[in-house]
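Trainee: next input, structure requested:
(chains A and B)
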There are 2 protein chains.
Amino acid sequence: MLGGTTGVDRIGSVPDTKQMETKQIGVTELALRDAHQSLMATRMAMEDMVDVCEDIDRAGYWSVECWGGATFDACIRFLNEDPWERLRTFRELMPNSRLQMLLRGQNLLGYRHYGDGVVDKFVEKSAENGMDVFRVFDALNDPRNLERAMAAVRKTGKHAQGTICYTVSPLHDTEKYVQLAGRLLDMGAESIALKDMAALLKPQPAYDIVKGIKDTYGDVQINVHCHSTTGVTLVSLMKAIEAGADVVDTAISSMSLGPGHNPTESLIEMLEGTGYSTGVDMERLERVRDHFAEVRPRYAEFMSAITGVDTDIFKSQIPGGMISNMESQLKAQGAGDRVKEVMEEVPRVREDAGFPPLVTPSSQIVGTQAVFNVLMGRYKVLTGEFADLMLGYYGECPGERSAEVTALAEEQTGKSPITQRPADLIEPEWENLRVEAAELPGADGTDEDVLTYAMFPGVAPKFFTTRHEGPKNVGKTAEQVKKEADAASGASKAIREPIKYNVTVGDHSHTVSVEPA
Amino acid sequence: MLGGTTGVDRIGSVPDTKQMETKQIGVTELALRDAHQSLMATRMAMEDMVDVCEDIDRAGYWSVECWGGATFDACIRFLNEDPWERLRTFRELMPNSRLQMLLRGQNLLGYRHYGDGVVDKFVEKSAENGMDVFRVFDALNDPRNLERAMAAVRKTGKHAQGTICYTVSPLHDTEKYVQLAGRLLDMGAESIALKDMAALLKPQPAYDIVKGIKDTYGDVQINVHCHSTTGVTLVSLMKAIEAGADVVDTAISSMSLGPGHNPTESLIEMLEGTGYSTGVDMERLERVRDHFAEVRPRYAEFMSAITGVDTDIFKSQIPGGMISNMESQLKAQGAGDRVKEVMEEVPRVREDAGFPPLVTPSSQIVGTQAVFNVLMGRYKVLTGEFADLMLGYYGECPGERSAEVTALAEEQTGKSPITQRPADLIEPEWENLRVEAAELPGADGTDEDVLTYAMFPGVAPKFFTTRHEGPKNVGKTAEQVKKEADAASGASKAIREPIKYNVTVGDHSHTVSVEPA
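Mentor: This next block holds a predicted model:
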């Protein structure tokens, strides 16, 4: 038994050696959703997942995460794949597994708030097509943005998981997170997810928050989701488990680390002898690992450049993806040298906005405003999204927003600040969406198509017209990977020294020497 | 406080919230020795370390590991650098730091047992040239192979650290490791190192062994050294710290992970709020990190291909480096397809040899014999080294050795098995070594040169003749790295499609298309 589980004290007390039963820890496998989203820009085609589904299905995971906003978006934008068909295929290929998705509360999988009727319909259709576990979150942790989606999931009889987005700020502490868990339980959450999208969750707060929730609300199921970017979060998972966490999220090793997640195999090995075990089948995992080890190189051109750890995030509290975003915005404006100023501006903008967690979409909204502030002067120009954030149109932020900047937002947009739930302002919209979708060439009249259109009105119309051509795999084939590797090794040899050719034109023969300039 | 430090029990007891003082955890930085040994075949030139020494010196580490067998070897074999000069330079550039080395007990930095006089002289000269902390180990964990070196360190007044090599076998358990620690303390160890060279140390045994040593022998200083290959060992360091470990080994993030070590920055961040802290200066670390981030690509051609985690090691208990070694031996024999058989043979050979830990040189000895067994039939031919291992010439193995195989070894070599300390058979040899070294062209008559010759008799003579030419950096310059990156990106573009040229010779114009064959 580990010290954390046996009442051992650092100051040399005698360990409590009483026998305890092994506690079963569930594992959620992320390979089919967040792992390829984090590592290869969500580009993996269904074709490259089909063969591994049986092994995943039989490995003994608690759940298999396989669907979410970015996967849905990438399917129709890049892969000419119907995301609903992908879901149905997963359902068919993994009959023994809980399929899990990530749902952005009132935003569903899109980028705006939807009317409650659309939320209901989306959840109903997702359940019908095979979804089991709905992990529902809101970027601002505003519970009102989760309520409708949670209720809709409850109505289908599926698993409603309420989510806490973990962040670090002067306003975020264990007590607040424990309170938020209470709000989620009040709305019928069957489990609580602690979601650490930026790898900021250190071992101590992981322990404290999980313990706090268990102590306050009894034995509610807690799932912990960490990215691995900062290198500390496998330890955080260990401490969360010691504090009572029931399920943790990992990705098979060949789809892990960097901006992704901790390796599933390492988690399992880590627990040996600790009084916790996962019951996951290692032989199946080896096959899952080998499958993705073969697939991964085909998506090399989409791969994240980060492979090691990045602990700067702790200092700046700016997630890695957000920094690269701001960098490209600055470069586009010919101001690539002002990244540092922007990095220093972000915390100020975040404070003015009431310390929202930095996660899609709040990270983009805050980051872009910081870029504007540096390039044009502080709050000289507000982006429409930042003005909306200040005026309450995304929901409530954790802290008070700057009255001064809110006044500017009002002035610039002519909109009034709101305090009610943003979706309360939305008129019933399902009928309109249905009618609009019905007119799109290639749309098939199903509710699924209406939802696809509702969430991605810019992309769905084109997708409907090309859908009949079938999925397009943007990865390379195994043969291409091999051929290019061979060619590259030849090419890199070639550039080391001049290459001589004999060129004959007519009767004349010439020796031509070619070398890199 | 973490659960492991406050008497919290998994079964819902109330946490003990009494205030504790923060315990200071020391950090040993590995960048200058084991990190580049593990990641880039020990090729880093002194030139690429000089500029970072001040930041390392002032960062507040417990010690700076910077010298050992492989660094010494690489200096004279590849870098035309005098390793004693390297040590003196470190001493000069890091006046505030404890310099630390890894010493193979009676083998010193070489590959055979040395006479006690040579051991004494080596330790004396190392101390004189600036070494502070001697981490002394033996591949078989035979305490008799450490005794003389430990005594020699004690005589210099420097820090003598006795080492436990961690391995997994049916004969290795917590109790045995705790007993071994006792033997090391009996010979005057000022601290105990728990050395996990294959990343096999899981959190539970890390906790148990450290706790066992502290409980049994009181507050002896414990240093824990883990590689990161399997992905679990940062958790092991956490649990070791909770059990009372005082110093842990890490490498700056830009020189970490893969077959190397856990990142220093992640360790520091991990401890926040736990009741443990390192006191290491993060700003200095950022500069150390940035320095090596720039240096690392220059050694790309020597870099380990492994960047992710490898948990197969837990199953096979065969360290990664050993597998690649066996693979190249098999390929050289045209038997590259028999790796699997050899992998299955290794545990048998290891059992016959009495379960030695698999670390240099026992890993090579056992691995090569396994290859011989597969290619030529089991024990049809014994390697000289394996026969010596069976006959006791490397010292005592943890378990009983196969009587049958020992008899074969006796028969094949004509040697008798021994039970005494191997070095007891060695005649005083310093005088001879001194005379031999003195005759080598370029040798300067110092004891340091005699020791260099003693440890690397095959390489030192050539090195002495070229030493005057000065160090040779085998890495690329920053300019070369940039140029090649540019060229490669051009080259990879070029090979994607045929390139057309217009070639005019005399009056005739031709279009020539070039594409990769």
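
Trainee: so which residues on the stretch 151-300 of chain A come close to chain B?
Mentor: Within the stretch 151-300 of chain A, the positions lying close to chain B (Cβ under 8 Å from any Cβ of the partner chain) are A:202-205, A:207, A:211, A:214-215, A:230-232, A:234-235, A:238-239, A:242-244, A:253-254, A:256-257, A:262-263, A:265-266, A:269-270, A:272-275, A:282, A:286. To be clear about C-beta, it is placed using only N, CA and C from the backbone, and glycine gets the same treatment.

Trainee: in helices, which of these appear?
Mentor: A:203-205, A:207, A:211, A:214-215, A:234-235, A:238-239, A:242, A:265-266, A:269-270, A:282, A:286 (DSSP state H).

Trainee: and residue A:379, what element?
Mentor: Applying DSSP states H and E as the criterion places residue A:379 outside every helix and strand.

Trainee: let me redo that: residue A:405
Mentor: Judged by DSSP H and E, residue A:405 forms part of helix A:403-413.

Trainee: what lies in contact with that helix?
Mentor: The contact list for helix A:403-413, computed with Cβ atoms under 8 Å, 6 or more residues apart in numbering or on different chains, reads A:352-353, A:379, A:381-382, A:384, A:386-388, A:390-391, A:415-417.

Trainee: try it again with 6 Å
Mentor: The contact list for helix A:403-413 (Cβ atoms under 6 Å, 6 or more residues apart in numbering or on different chains) reads A:352, A:379, A:382, A:387, A:390-391.

Trainee: can you redo the residues you listed as a markdown table with distance to residue B:335 and secondary structure?
Mentor: Shown next, in a markdown table, are those (distance: Cβ to Cβ, whole Å; DSSP: H, G, I helix; E, B strand; the rest coil):
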| residue | distance to residue B:335 | secondary structure |
| --- | --- | --- |
| A:352 | 68 | helix |
| A:379 | 71 | coil |
| A:382 | 70 | coil |
| A:387 | 70 | helix |
| A:390 | 70 | helix |
| A:391 | 73 | helix |
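
Trainee: let me have these in JSON lines, extended by neighbour count and distance to chain B.
Mentor: Putting the contacts of helix A:403-413 into JSON lines (neighbours: other Cβ atoms under 10 Å in any protein chain shown; distance: Cβ to the nearest Cβ, whole Å) gives the following:
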{"residue": "A:352", "neighbour count": "25", "distance to chain B": "27"}
{"residue": "A:379", "neighbour count": "19", "distance to chain B": "31"}
{"residue": "A:382", "neighbour count": "20", "distance to chain B": "34"}
{"residue": "A:387", "neighbour count": "23", "distance to chain B": "35"}
{"residue": "A:390", "neighbour count": "30", "distance to chain B": "32"}
{"residue": "A:391", "neighbour count": "18", "distance to chain B": "36"}
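
Trainee: which of those residues sit farthest apart?
Mentor: Greatest spacing in the contacts of helix A:403-413, by Cβ to Cβ: A:379 and A:391 (13.9 Å).

Trainee: can you show me the strands along the stretch 1-150 of chain A?
Mentor: Here the stretch 1-150 of chain A has its strands, by DSSP state E, counting those that start in this stretch, at A:23-24, A:26-29, A:63-67, A:99-103, A:133-136.

Trainee: can you put the ones you listed in a markdown table and add distance to chain B, mean pLDDT and mean neighbour count?
Mentor: Formatted as a markdown table, the strands of the stretch 1-150 of chain A follow (distance: least, Cβ to the nearest Cβ, whole Å; pLDDT from 0 to 100; neighbours: other Cβ atoms under 10 Å in any protein chain shown):
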| stretch | distance to chain B | mean pLDDT | mean neighbour count |
| --- | --- | --- | --- |
| strand A:23-24 | 7 | 97 | 14 |
| strand A:26-29 | 14 | 98 | 24 |
| strand A:63-67 | 20 | 98 | 26 |
| strand A:99-103 | 23 | 98 | 25 |
| strand A:133-136 | 25 | 98 | 25 |
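
Trainee: could those go into CSV alongside distance to residue B:88?
Mentor: Formatted as CSV, the strands of the stretch 1-150 of chain A follow (distance: least, Cβ to Cβ, whole Å):
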stretch, distance to residue B:88
strand A:23-24, 55
strand A:26-29, 52
strand A:63-67, 56
strand A:99-103, 58
strand A:133-136, 59
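
Trainee: indicate which one of those is closest to residue B:306.
Mentor: strand A:26-29 (22.8 Å).

Trainee: and that closest one, what does it pack onto?
Mentor: Judged by 3 or more Cβ pairs under 6 Å, 6 or more residues apart in numbering or on different chains; DSSP states H and E, strand A:26-29 is in contact with strand A:63-67, strand A:247-250.

Trainee: same thing but at 10 Å, please
Mentor: On a contact count with 3 or more Cβ pairs under 10 Å, 6 or more residues apart in numbering or on different chains; DSSP states H and E, strand A:26-29 meets strand A:63-67, strand A:221-226, strand A:247-250, helix A:264-270, helix A:282-295.

Trainee: so how far is the second one off the chain centroid?
Mentor: Looking back up the chat, that one is strand A:221-226. Averaged C-alpha coordinates place strand A:221-226 at 14 Å from its chain's average position (Cα atoms, centre = their mean, to the nearest Å).

Trainee: got it, and the last one?
Mentor: On the basis of Cα atoms, centre = their mean, helix A:282-295 sits 22 Å off its chain's mean C-alpha point.

Trainee: again with the shortest one
Mentor: Strand A:247-250 has its C-alpha centroid displaced from the chain centroid by 14 Å (Cα atoms, centre = their mean).

Trainee: where in chain A is pLDDT low?
Mentor: A:1-20, A:320, A:488-517 (pLDDT under 70).

Trainee: if you set the cut-off to 80 instead, what comes out?
Mentor: When residues are selected by pLDDT under 80, those of chain A lie in A:1-20, A:304-307, A:316-325, A:360, A:487-517.

Trainee: can you give the domain ranges for chain A?
Mentor: A:313-423, A:478-514 (automatic domain parsing).

Trainee: most packed of these?
Mentor: A comparison of these by mean neighbour count, using mean count of other Cβ atoms under 10 Å in any protein chain shown, puts domain A:313-423 on top with a mean of 18.

Trainee: helix/strand/coil for residue A:461?
Mentor: Secondary structure, DSSP: H, G, I helix; E, B strand; the rest coil: residue A:461 is helix.

Trainee: oh, I was asking about residue A:440
Mentor: Per three-state DSSP, residue A:440 ends up coil.

Trainee: could I get the contacting residues of it?
Mentor: Under the criterion of Cβ atoms under 10 Å, 6 or more residues apart in numbering or on different chains, the neighbours of residue A:440 are A:449-450, A:452-453, A:457, A:460-465.

Trainee: ok, the nearest residue to residue A:222 once chain neighbours are set aside to chain B distance?
Mentor: Spatial nearest neighbour of residue A:222, chain neighbours left out: residue A:245 (4.8 Å); criterion: Cβ to Cβ, 6 or more residues apart in numbering or on different chains. Per Cβ to the nearest Cβ, to the nearest Å, residue A:245 is found 11 Å from chain B.

Trainee: count the neighbours of residue A:52 for me.
Mentor: 22 (other Cβ atoms under 10 Å in any protein chain shown).

Trainee: look up how far chain B lies from it.
Mentor: Remark: distance between residue A:52 and chain B (Cβ to the nearest Cβ) = 18 Å.

Trainee: now do residue A:295
Mentor: Residue A:295 is 14 Å from chain B, by Cβ to the nearest Cβ.

Trainee: now do the end-to-end distance for stretch A:136-144.
Mentor: 12 Å (Cα to Cα, to the nearest Å).

Trainee: hang on, residue A:112 packs against residue A:422?
Mentor: Yes. Using Cβ atoms under 10 Å, residue A:112 is in contact with residue A:422, at 9.3 Å.

Trainee: quick check: neighbours shared by the two?
Mentor: A:106, A:388, A:393-394.

Trainee: picking up where we left off before, can you list the domains of chain A in JSON lines and add distance to residue A:443?
Mentor: Below are those laid out as JSON lines (distance: least, Cβ to Cβ, whole Å):
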{"stretch": "domain A:313-423", "distance to residue A:443": "25"}
{"stretch": "domain A:478-514", "distance to residue A:443": "34"}
